[in-house]
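In: Need a 3D model of the sequence below.
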Amino acid sequence: MTSSTMARPHRARIGNVKRTTVPKVRLYVDRPEQKHWFVHVGHVTDRGRWKTEPHAHPAYGQVIFVRSGRGVMNLEGSRVPFEGPCALLLPTECVHGLDYELDVDRWVVTIEESYLTQVNAKLHEFIDLWSLPRMISLSDPAKRGTEIHGLVAQLKHEVESDAVGHVVGIESLLTTLLLTLVREAHLDQSVSEGERRNDVRLVDRFRKLIEQHYRENLPLQDYTSMMAVSLVQLRAACASASELSPAKMIHARIVTEAKRNLIFGNMSVEQIAFGLGFADAAYFTRFFRKEVGQTPSQFRSTARQQPLRKGLTQ
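Out: Numbers count the residues shown, from 1 in each chain. This next block holds a predicted model:
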């Protein structure tokens, strides 16, 4: 199946079935007195185990620096163990749950989406860094952990300060923090500053359009028209700056949303299919099996049978 040949959906009445979707959480910094905030830093030292159910932040990115302790990050069906010192990076709209073990010391840096886009424009590796959720281990845990802790603590102080130039200070510290994470994540540093940078930006624009329109079942040519580029240009940019072809990028976003609904929701396979623009459940099942290797029902059953955690105190 390609995005240009996907059948147009026939909307059918599914009945009065309550649909459970992934929660979209408004963060605690969303308060009237903080209308113009763009970065927030919180420090949490829980005494005991702390667990958050799967949710997403629709307009925020987060860096969680785990100074000490361990746990598991639940990412749309995969479970990623972590142990401090390390960093957890959660892009906007990323569905995640966190299960912290006893007495985890963590610093949570929350960045408003439009400001994050502004900062990311400084370096194309920043865009790569935020392209997917990740757990970033540190090359020298003691040394790098101390450095990152110092940066985050300074960032918190600057965010809460009214001193002259504190906005510039925030941007400088946040940029340094992200640059440190780029280096610790071992992202490709052999990229030239010429064509590849343009390719990364083009692919980033394409990702944002996919996010806006993946439920509409648009042919690939509609995307290239909106971007005012040729299909050849888009394919070349994806070959340079992404591991996926344009069609596969669209498919991957549809599969991600399907997995979210299968794991975290109670909609039937038919409801999920119609919600993602498929004409019928059978067509959706064939597409999903081709992309994932399992039918939607098999995937749901397997995912829900997996234990939430190995090695955690229950």
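In: hang on, residue 155 packs against residue 111?
Out: No. Contact status for residue 155 versus residue 111: not in contact, 10.5 Å apart, counting by C-beta atoms under 8 Å. Yep, even glycine has a C-beta here, placed from its N, CA and C like the rest.
In: what's the overlap in contacts for those two?
Out: 39, 174 (C-beta atoms under 8 Å, 6 or more residues apart in numbering).
In: and stretch 223-239, how far out from the chain's middle?
Out: Stretch 223-239 has its C-alpha centroid displaced from the chain centroid by 23 Å (C-alpha atoms, centre = their mean, to the nearest Å).
In: now swap in stretch 165-185 and tell me
Out: In terms of C-alpha atoms, centre = their mean, the centre of stretch 165-185 is found 19 Å from the chain centre.
In: Can I get that stretch in PDB? Just the C-alpha atoms.
Out: What follows is stretch 165-185, C-alpha atoms only, in PDB (Å, rounded to 0.1, in the frame of the first residue of the first chain):
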ATOM      1  CA  GLY A 165      19.300  39.400  30.700                       C
ATOM      2  CA  HIS A 166      17.600  36.300  32.300                       C
ATOM      3  CA  VAL A 167      15.900  35.500  29.000                       C
ATOM      4  CA  VAL A 168      19.200  35.400  27.200                       C
ATOM      5  CA  GLY A 169      20.600  33.400  30.000                       C
ATOM      6  CA  ILE A 170      17.800  30.800  29.700                       C
ATOM      7  CA  GLU A 171      18.400  30.400  26.000                       C
ATOM      8  CA  SER A 172      22.100  30.000  26.500                       C
ATOM      9  CA  LEU A 173      21.800  27.400  29.200                       C
ATOM     10  CA  LEU A 174      19.000  25.500  27.300                       C
ATOM     11  CA  THR A 175      21.100  25.500  24.100                       C
ATOM     12  CA  THR A 176      24.100  24.200  26.100                       C
ATOM     13  CA  LEU A 177      22.000  21.500  27.700                       C
ATOM     14  CA  LEU A 178      20.600  20.300  24.300                       C
ATOM     15  CA  LEU A 179      24.100  20.400  22.700                       C
ATOM     16  CA  THR A 180      25.400  18.200  25.600                       C
ATOM     17  CA  LEU A 181      22.600  15.700  24.900                       C
ATOM     18  CA  VAL A 182      23.300  15.700  21.200                       C
ATOM     19  CA  ARG A 183      26.900  14.800  21.900                       C
ATOM     20  CA  GLU A 184      26.000  12.200  24.500                       C
ATOM     21  CA  ALA A 185      23.400  10.600  22.100                       C
END
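In: Need the contact partners of it.
Out: Counting contacts by C-beta under 8 Å, 6+ apart, the residues outside stretch 165-185 that touch it are 38-39, 63, 87, 89, 109, 111, 119, 122-123, 125-126, 128-129, 134, 136-139, 144, 147-148, 151-152, 154-155, 158-159, 161, 163.
In: Which residues in that stretch does the neighbour count mark as buried?
Out: Residues of stretch 165-185 classed as buried: 169-171, 173-174, 177-178, 180-182, 184-185 (neighbour count, 16 or more other C-beta atoms under 10 Å).
In: Let's see which of these end up in helices.
Out: When DSSP state H defines the helices, the subset of the buried residues of stretch 165-185 inside them is 169-171, 173-174, 177-178, 180-182, 184.
In: Sort out which one of those residues lies nearest residue 248 for me.
Out: Closest to residue 248 out of these is residue 182 (24.9 Å), distances taken as C-beta to C-beta.
In: Break the protein down into its domains, please.
Out: Under the assignment named as automatic domain parsing, the residue ranges that make up the domains of the chain are 32-184, 195-305.
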